[in-house]
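# Based on what follows, work out the 3D shape:
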Amino acid sequence: MVFVARSASAAEWRVVAKAVSTLVEEATFEASAEGISFRAMDPSHVALIDLFWPNSAFEKYECDKQFRFTVRVADFAKLLSRADPKDSVEVSSKDEGKLTIRFSNSYTREFSINLLESPAQPTPLPKITFNAKLMLTGATLQQILSDISAISDHITIEVSKERVTFAGRSEQGTASATLDRRSPEILELTLNQSEPAKATYSIEYLLNITKAAGSQQQPVILEYSTKMPLRLEFKLGDQGGKIGFYLAPRVEEK
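Reported below is the predicted structural model:
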């Protein structure tokens, strides 16, 4: 068995580790000839992450057979933090019980970690029809989430054909942010129904997810339907990699 995935820097590996760590402590990745994938739900079954990193995104990629490797995410992230900005990063395995992480620049540093037993079962994607789609920059979404979180621990998203409104309320008061479809922050706004789409979600999950996975300059796609799960999609690099998150809706209080 041969598995080698080498990238020009640790940046994308760190994004992967940070995004996965928002939901789980142990992660089972699937490597195939096509690339690296990961899918899992958090223990409370409120959120799901679905990640795919294609072979074309790497400087070098080899995988001669399906390879599942399970790591403790905090340990994996700790080793990745040892990489310098100019280091290339190679993750490889020739022994299904070990994973090697190699940093190369003017000299080479190498770490080997023991893999964990993999109890993980396949996680199916939810079958959902999305009636509303919104694309905006990561910086805009993070600012809005941060603003609403000053008042509320949940956020209601309402998309109409002309605008999108983010709102939160608590005993403390209310907060809202409204963007017209002509706003430069709105890169795309689509609604496939006559009535506005409206649903409420945990703001803590959304803040953690957007901070972990989204570059502030990269666009973020949000898709959802009224009182249905929300799907967020972030780009992982510029070669076709994607990180998708699904978040269950919160039951709105009367």
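# Tell me which helix or strand comes right after the lowest-mean-pLDDT helix or strand in the chain.
Between all helices and strands in the chain, the lowest mean by mean pLDDT, DSSP states H and E belongs to helix 203-213, at a mean of 89. Downstream of helix 203-213, the first helix or strand assigned by DSSP states H and E is strand 219-224.
# which secondary structure elements does that following strand contact?
Using 3 or more Cβ pairs under 8 Å, 6 or more residues apart in numbering; DSSP states H and E, the elements in contact with strand 219-224 are strand 132-137, helix 138-149, strand 230-236. (C-beta placed from N, C-alpha, C; glycine too.)
# May I see the buried residues of the longest one?
Which is helix 138-149. Buried residues in helix 138-149, defined by neighbour count with 16 or more other Cβ atoms under 10 Å: 138, 139, 140, 141, 142, 144, 145, 148, 149.
# Check the first one too.
Neighbour-count burial for strand 132-137, counted by 16+ other Cβ under 10 Å, picks out 132, 133, 134, 135, 136, 137.
# and which of those is nearest residue 2?
Lowest distance from residue 2 to the buried residues of strand 132-137 (Cβ to Cβ) belongs to residue 135, with 38.9 Å.
# Now that the closest one has come up, it's in contact with residue 223, right?
No - contact criterion Cβ atoms under 8 Å: residue 135 and residue 223 do not qualify, at 9.5 Å.
# what's the closest of the helices and strands packed on strand 219-224 to residue 37?
For the helices and strands packed on strand 219-224, proximity to residue 37 was assessed by Cβ to Cβ; strand 230-236 is nearest, at 11.3 Å.
# Could you check the angle that closest one makes with helix 203-213?
Interaxial angle, strand 230-236 versus helix 203-213 (axes from the mean of the first three to the mean of the last three Cα atoms, to 10 degrees): 10 degrees.
# Export the helices and strands packed on strand 219-224 to TSV and append columns for distance to residue 49 and mean pLDDT.
Listed next are these as TSV, based on distance: least, Cβ to Cβ, whole Å; pLDDT from 0 to 100:
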stretch	distance to residue 49	mean pLDDT
strand 132-137	20	95
helix 138-149	17	94
strand 230-236	10	94
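# Surely residue 169 and residue 155 touch.
No - using Cβ under 8 Å, residue 169 makes no contact with residue 155, being 9.9 Å away.
# so where's this protein shaky on pLDDT?
In the predicted model, the chain carries pLDDT under 70 at residues 120, 214-216, 252-254.
# quick check: domain ranges of it?
Domain assignment of the chain by automatic domain parsing yields the ranges 3-114, 132-247.
# now for the ones you listed, which one comes closest to residue 123?
Using Cβ to Cβ, the nearest of these to residue 123 is domain 3-114, at 4.8 Å.
# just how off-centre is the closest one within its chain?
14 Å (Cα atoms, centre = their mean, to the nearest Å).
# Start and end of it, how far apart?
15 Å (Cα to Cα, to the nearest Å).
# Can you give me the distance of residue 106 to residue 87?
As judged by Cβ to Cβ, to the nearest Å, residue 106 and residue 87 stand 10 Å apart.
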